[in-house]
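Peer 1: Sequence plus predicted model, see below.
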Amino acid sequence: MIFTPKHTDYDLSPYTGLTRQSWIEAAEYLLEGIFNNISDIEKPVVMPRYETEVTYPSKDAPLWRKKAEVFEGLCRSFFISAPLIHIEPELTINNINVRDYYKKQVLYAVTPGEDNYVLNYSDMRELDKSGNPVACYQQTVETAALVICLWLCKDEIWDTYNKDEKDRIASFLSDFAHANTVPQNWRLFNMLDMAFLYMNGYAIDEDIMRDHAQNILNYYVGDGWYRDGQSFDYYSCWAFNMYTAIWNNWYGYEKEPYIAAKFEENSNELMKTYPDFFDRDGFTNMWGRSGIYRNAATSSFDGNLLMKNSTVAPGLARRICSGSLLQFLQRDDFLWNGVPTLGFYGPFIPLVQGYSCAESPMWLAKALLCLHLPKDHPFWTAKENNGTWDKLKKNETKVTTLDGPALCMANHEANGITELRTGKMVKEKNDRHGIWNYGKLVFNSKFPWESQPAEGVESQQYVLTYLSDDTKDMKESEIANVTFWHGEKDGVLYRRQFFNYELNTETHWKTAINLADFAVPYGIMRADKIRMFRRPLKLTLGAFGFPDNGTDIITREKDGYKAVILKGHDHTGKEKQLAFTIMDGWTDIKLVNSTDTNPDSKKSIVLYAETIRKKQYGYEPYFLISQVITKEDLTDFAEDDIFPAGEIIYTDPQKCGGYGPVTIKLKSGDAKVVDFYGIEGNIEL
């Protein structure tokens with residue numbers, strides 16, 4: 001069963017039809033699925049579980065870990081219910097009054113001796129025998145959700161507790177608020193706990209608050225983005241730019257006006273470009289960790305609207321939020337036993353991380369926080385508009401490059417797809433999961449990343465295999481685990497990747513590939529250059545994973561170039577098309593059929609290019625020129641889209657690209673010059 005809104009208005013919302021009432025229905029749809037798994041008002045929010053190998057708690061997990069699942073289920077489902085409780089206090093699902101349920105379960109969670117008590121921080125430290133002086137626990141995360149939800153339905157729940165009950169909750173929160181936390185976005189959880197306490201008249205340590213706040217502020221890199229650990233991802237949007245807005249209103253504007261003003265300024269900076277991260281349909285790109293949170297990436301729009309001087313266009317914000325909501329709720333594989341799956345669409349284990357449990361996907365409900373906005377707020381009353389997509393000319397691509405967070409978005413008018421290219425990525429060489437999340441050459445809003453389909457092949461990644469002297473394959477292949485950022489010059493984005501990068505080996509003893517790519521109407525063209533220290537070697541480069549629900553495979557050749565075209569449909573029946581073209585430097589295009597490696601469909605196909613370099617020291621082709629283009633229908637690509645290069649001009653007479661600029665003249669009349677000379681002086685992590 002998919003979500004079908006009962007109330008729509010295509011005059012107010014010409015792109016999605018969704019109104020505030022539609023959003024209320026969506027929240028009820030999600031909450032019904034959850035409550036249908038709760039037999040009575042005494043039972044916790046612990047959902048059915050189909051995955052036990054990756055997610056927590058394991059059967060031998062410590063008590064605090066098992067309790068964390070209970071608290072995670074409570075607080076993350078509360079994100080869905082809290083706005084509804086305020087809108088409809090008598091809402092009843094599965095014969096349970098939702099308001100009464102959360103009022104009761106919150107008290108259980110904070111009361112020692114109750115079956116559903118989730119342990120406070122001090123309890124867990126006593127149970128923890130690790131000896132870790134900076135230990136912190138999952139419950140800290142959920143306390144922030146708890147205080148937000150108590151604020152959202154203040155009249156219906158918080159204000160109805162007596163003084164003893166409020167004090168009990170406050171004591172529980174204070175124990176976490178003033179204790180250890182993870183030194184990245186988790187600081188915001190402690191900040192919100194303290195802000196909630198302060199707002200309700202409880203004592204807090206303002207120096208601890210100030211220390212966390214200045215750290216959060218100084219993670220900022222520009223353009224609205226914050227560095228969270230090493231990486232950049234949607235945590236900037238569903239944590240930094242959501243929680244800081246709430247903190248500003250509860251505490252910052254009054255007590256820390258300088259920091260609060262900076263948080264607001266940064267949120268407004270994000271709004272200048274963040275709408276262009278989404279495609280013409282408002283789809284969210286599958287990129288970065290915690291992909292199971294899905295459309296929570298839209299919550300930063302609500303965060304901006306909470307600021308005193310918000311700058312986002314309300315009609316654009318709602319259009320994107322609604323489009324991303326429908327992206328997931330209108331798929332028949334989105335729910336399992338009524339609960340959002342551990343995946344991006346359906347269940348997809350390669351995406352899932354060990355810090356998640358069956359209830360973790362409910363974090364997507366951050367997207368539903370917009371329901372706290374009153375019905376006369378411009379977010380609900382402004383007419384939907386589609387921002388950039390309403391302004392692009394035919395076949396125009398808008399490219400936005402942000403050097404601070406190393407992000408480059410391409411909005412393609414020709415197919416309505418947004419493609420994201422990223423940098424400043426560092427992962428352990430064996431961390432395939434992390435590399436899939438961050439190290440793909442391109443992330444596509446309609447072709448989500450695919451995990452490894454076969455040894456020696458990855459979608460949208462180079463794979464390197466060193467060969468023996470007789471060019472027989474060795475057993476293991478390498479993928480790039482770091483992406484350095486150089487930036488954009490004359491319409492070409494420059495980056496560098498190293499294979500099996502590690503600090504104890506100088507980079508000259510590692511094969512690297514200098515990346516240069518630029519947008520074409522339906523995708524991205526690559527003109528990359530190998531930097532080898534050892535040969536013979538084999539390189540492969542995969543296209544996007546293609547959902548295989550019956551696929552036509554067409555091969556074309558022209559002017560010495562080769563293309564393979566895939567035509568088919570995704571899991572929902574939507575038409576899909578992909579064309580992979582190899583030009584200079586490659587030998588052939590091959591394909592691999594795979595199962596359970598694509599987030600959209602059970603079966604998939606990955607096209608990949610292949611080439612071998614034999615001589616240890618020999619002047620062989622260095623440049624690898626290719627292109628992947630996609631669209632959402634089965635009409636044929638124009639020949640000039642499949643074979644766009646009219647002429648490729650090299651500086652060296654051998655036409656290998658060992659030195660000097662390489663000019664790619666396109667049949668469209670455009671030309672791009674690729675020149676890696678000097679990149680060594682400015683590459684960033």
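Peer 2: It's in. Residues are numbered from 1 along each chain as shown.
Peer 1: any low-confidence regions in the stretch 451-600 of the chain?
Peer 2: Residues of the stretch 451-600 of the chain that meet the criterion pLDDT under 70 lie in 470-475.
Peer 1: Repeat the analysis, applying 80 as the threshold.
Peer 2: 469-476 (pLDDT under 80).
Peer 1: Scan this protein for its longest helix.
Peer 2: For the chain, the helix with the greatest residue count under DSSP state H is helix 63-87.
Peer 1: From the contact counts, what lies against that helix?
Peer 2: Using 3 or more CB pairs under 8 Å, 6 or more residues apart in numbering; DSSP states H and E as the contact test, the elements touching helix 63-87 are helix 20-35, helix 98-110, helix 121-127, helix 139-152. From N, CA and C alone the C-beta is placed, and that goes for glycine too.
Peer 1: what's the angle between the first one and helix 63-87?
Peer 2: What it means is helix 20-35. 150 degrees (axes from the mean of the first three to the mean of the last three CA atoms, to 10 degrees).
Peer 1: And helix 20-35, how far out from the chain middle?
Peer 2: In terms of CA atoms, centre = their mean, to the nearest Å, the centre of helix 20-35 is set 23 Å apart from its chain centre.
Peer 1: Which of the helices and strands in this protein ranks last by mean pLDDT?
Peer 2: In the chain, no helix or strand scores lower on mean pLDDT, DSSP states H and E than helix 121-127, which sits at a mean of 94.
Peer 1: list the buried ones in that helix?
Peer 2: For helix 121-127, a neighbour-count test (16 or more other CB atoms under 10 Å) marks Y121, D123, M124, R125 as buried.
Peer 1: can you give me the strands for the stretch 251-400 of the chain?
Peer 2: In the stretch 251-400 of the chain, the strands defined using DSSP state E, counting those that start in this stretch lie at 335-336, 339-340, 397-402.
Peer 1: partners of the longest one in the sheet?
Peer 2: Right, the one you point to is strand 397-402. strand 407-412 (antiparallel) (DSSP bridges).
Peer 1: one step back: most tightly packed of the strands of the stretch 251-400 of the chain?
Peer 2: Counting by mean count of other CB atoms under 10 Å, strand 339-340 has the highest mean neighbour count of these, with a mean of 24.
Peer 1: which secondary structure elements does that one contact?
Peer 2: By 3+ CB pairs under 8 Å, 6+ apart, strand 339-340 packs against helix 20-35.
Peer 1: tell me what the helix it packs on is packed against?
Peer 2: Using 3+ CB pairs under 8 Å, 6+ apart, helix 20-35 is in contact with helix 63-87, strand 92-93, helix 314-329, strand 339-340.
Peer 1: Determine the angle, from 0 to 180 degrees, between that helix and helix 98-110.
Peer 2: Orientation check (the same axes, to 10 degrees): helix 20-35 against helix 98-110 gives 50 degrees.
Peer 1: Can you give the contact residues for helix 20-35?
Peer 2: Outside helix 20-35, the residues that touch it by CB atoms under 8 Å, 6 or more residues apart in numbering are 3, 5-8, 18, 45, 47, 77, 80-81, 83-84, 87-88, 91, 93-94, 96, 98, 322, 325, 329, 335, 337-340, 362, 365, 368, 370-371, 375, 380.
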